[in-house]
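**Student:** Sequence and predicted structure below; questions after.
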Amino acid sequence: MHAMSSPKVLFGFHAVGVRLKTAPASIVELYIDATRRDARMKQFLARAAEAGVRVIEADGLRLTKLCGGGGHQGVVARVQAIEQAHSLDDLLDGLAESPLLLVLDGVTDPHNLGACLRVADGAGAHAVIAPKDHACGINATVAKVASGAAETVPYFMVTNLARQLGELKERGIWVVGTTGDAGQSLYETDLKAPTALVLGAEGPGLRQLTRKTCDTLVRIPMQGAVESLNVSVASGVCLYEARRQRGG
């Protein structure tokens, strides 16, 4: 079980900008749209020059080809994968604080995964875990939506999620599943202890076996007419509640 290495291509000001800031040496080639001369591009080029990264001018068509679609904002980088913790065990062994993990059961939409990685990064989650056969790998769309978080948050795809949750429990990590019909509210739950928050995709929710494997089930209180939140929003609510309980 290995952390997913980053995509070979990053695009958009934010994703490439984060890589420029955190690991400029890993940028193999940086392509920019020569026709963009606005302030944002000028600022970006100044940062690239400062980091000593070689810039190659290209046309829009070449950039679109490189990243397999639009939305590149005139910036595409070919990069080397950044070395991350090889296994979840290595990562957990090396933590100095109480683990906070996000487990996604059945999130197959790249936009949702990207948004979940972004919120995990913001809330300081130590890793995101998903089952190989009911999940989305990290591709260029995920990386773009994640705004650089695909680079910084370790993402582990596991063969058997129920078994992995069992191993987390053996380590003393409390496995908390979220479901609309749980008796207990998220806000009544102690999340200061080592915690893995388990969320399913909006609609189907947690799979039966995943649900059975959780130590406890909680619900996010819903005040209005809608019955559920998008998984990335729900992840944010849960992770930030854990962060708040842990003293921000």
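**Tutor:** Here it is on my side, so go on.
**Student:** Could you use CA atoms for every contact and neighbour count after this?
**Tutor:** OK.
**Student:** pLDDT-wise, which helix or strand of the protein ranks last?
**Tutor:** helix 149-152 (a mean of 75; mean pLDDT, DSSP states H and E).
**Student:** Mind telling me what element the nearest residue to Leu88 once chain neighbours are set aside is part of?
**Tutor:** Leaving out its chain neighbours, the residue that sits closest to Leu88 by CA to CA, 6 or more residues apart in numbering is Phe156, at 7.1 Å. Assigned by DSSP states H and E, Phe156 falls within strand 155-158.
**Student:** Mind listing residues that contact the very next helix or strand once past that strand?
**Tutor:** Next in sequence after strand 155-158, counting helices and strands by DSSP H and E, comes helix 161-170. Helix 161-170 is contacted from outside by Ala130, Pro131, Val158, Trp174, Val175, Leu209, Thr210, Thr213, Cys214, using CA atoms under 8 Å, 6 or more residues apart in numbering.
**Student:** what separates helix 161-170 from the chain centre, distance-wise?
**Tutor:** In terms of CA atoms, centre = their mean, to the nearest Å, the centre of helix 161-170 is set 20 Å apart from its chain centre.
**Student:** just stretch 13-21 next, same as before
**Tutor:** With CA atoms, centre = their mean, you get 16 Å for stretch 13-21.
**Student:** neighbouring contacts of it?
**Tutor:** 10, 27, 44, 47-48, 51, 72-73, 75-77, 143-144, 146-148, 151.
**Student:** Put the buried members of the residues you listed into a ChimeraX selection.
**Tutor:** A single ChimeraX command is used to select the members of the contacts of stretch 13-21 judged buried by 16 or more other CA atoms under 10 Å:
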select :10,27,44,48,72,73,75,76,77,143,144,146,147,148,151
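**Student:** Can you flag which of the contacts of stretch 13-21 belong to helices?
**Tutor:** Counting by DSSP state H, the part of the contacts of stretch 13-21 found in helices is Phe44, Arg47, Ala48, Ala143, Lys144, Ala146, Glu151.
**Student:** Work out which residue lies at the spatial centre of this structure.
**Tutor:** Leu117 (1.7 Å; CA atoms, centre = their mean).
**Student:** For that residue, give me its contacts.
**Tutor:** Val128, Ala146, Ala149, Ala150, Val153.
**Student:** any idea how far it is from Lys8?
**Tutor:** According to CA to CA, to the nearest Å, Leu117 and Lys8 sit 18 Å apart.
**Student:** just the contacts of Leu117 now: which is nearest Pro221?
**Tutor:** Nearest to Pro221 among the contacts of Leu117, counting by CA to CA, is Val128 at 23.5 Å.
**Student:** Okay, now the unreliable bits of this structure?
**Tutor:** For the chain, applying pLDDT under 70 flags the ranges 1-7, 82-85, 248.
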